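# below: sequence and its predicted model.
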Amino acid sequence: MLFHGVLGGLVVFTQFAVVHSQMAPAYRVDGAAESQFEGTYVRMATAQCNGKPVYQLGGSDGGDVLFQPEGLSYWLVSTSDYATSCDASGWITSNGNGGSCAASPDGVGCSGRWQENTRCDDPWSPRPDLSVQAVQCEAVCGPHGSVSSRHRGRCVCTCESRRYSGALCQIYGE
């Protein structure tokens, strides 16, 4: 339930539901202090946390993940182990200063509230310039691939040349 307001002395709530097929196929993270966390996080085939899709950096196995921990309304970037455990532990979080963006990581409640664990004296540092933006399939497949289909909100890319391979047509080889 979402608080809507007060009408004639009555508290009014509205129900809402997130339709996961409407969530972006990928999200781009920019502005992190640690550049290894930046890049495009692509929706994983079957992984879900808190009923929401899990997104993996570069779309490849073992990459860091962007997910919403079980029972919480914020998002985290963490190691790929958390794609299945869904525990609230990570390097980047959207819950700084009370940030809440239950529907998606690019929600208005997250904007300007991201924090990053920089492993310094104060482990959680505000990252007001960190941004998470939705990315559509055409951008996910990159300059060497094209969208061959969309399946359950995921992008399926076809590489346009035999020189490129990988899920996102980003690996160059002879």
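Arrived safely. Here the structure is a predicted model, which is why all the values come from computation and not from measurement.

# domain boundaries for this structure, per the record?
The record's domain parsing of the chain by automatic domain parsing lists 20-135, 137-172.

# of these, flag the one that's most buried.
domain 20-135 (a mean of 18; mean count of other C-beta atoms under 10 Å). For the C-beta atoms, the positions are set from N, CA and C on the backbone; glycine is no exception.

# give me the residue at the spatial middle of the chain.
residue 66 (4.3 Å; C-alpha atoms, centre = their mean).

# low-confidence stretches in this structure?
Flagging of the chain using pLDDT under 70 yields the residue ranges 1-22, 120-122, 148-154, 165-168, 170, 174.

# residues touching the closest residue to residue 24 other than its chain neighbours, list them.
In space, and not counting its chain neighbours, residue 24 is closest to residue 134: 3.5 Å by C-beta to C-beta, 6 or more residues apart in numbering. By C-beta atoms under 8 Å, 6 or more residues apart in numbering, residue 134 lies in contact with 24, 26, 27, 28, 104, 106.

# farthest pair in those?
Farthest-apart pair in the contacts of residue 134 is 28 and 104; separation 12.9 Å (C-beta to C-beta).

# contact partners of the longest strand seen in the chain?
Scanning the chain for the strand with the most residues, using DSSP state E, yields strand 39-49. By C-beta under 8 Å, 6+ apart, the residues outside strand 39-49 that reach it are 23-29, 53-59, 64-70, 77, 82-84, 86, 135, 139-140, 153-155, 167-168.

# in helices only, show me the residues you listed.
Among the contacts of strand 39-49, DSSP state H puts 82, 83, 84, 139, 140 in helices.

# follow-up on the earlier one: from the contacts of residue 134, which land in strands?
26, 27, 28.

# just those now: which is nearest residue 96?
Once C-beta to C-beta is applied, the member of the ones in strands among the contacts of residue 134 that ends up nearest residue 96 is residue 27, at 17.8 Å.

# which residues are contacting whichever strand or helix holds residue 116?
Assigned by DSSP states H and E, residue 116 belongs to strand 115-117. Defining contact as C-beta under 8 Å, 6+ apart, one finds that strand 115-117 is touched by 32-34, 37, 90-96, 123-127, 130.

# again with stretch 59-70
Under C-beta under 8 Å, 6+ apart, the answer for stretch 59-70 is 26-27, 29, 36-37, 40-42, 44, 47, 49-50, 52, 54-57, 74-80, 82-83, 86-88, 91, 102, 105, 132, 140, 166-168.
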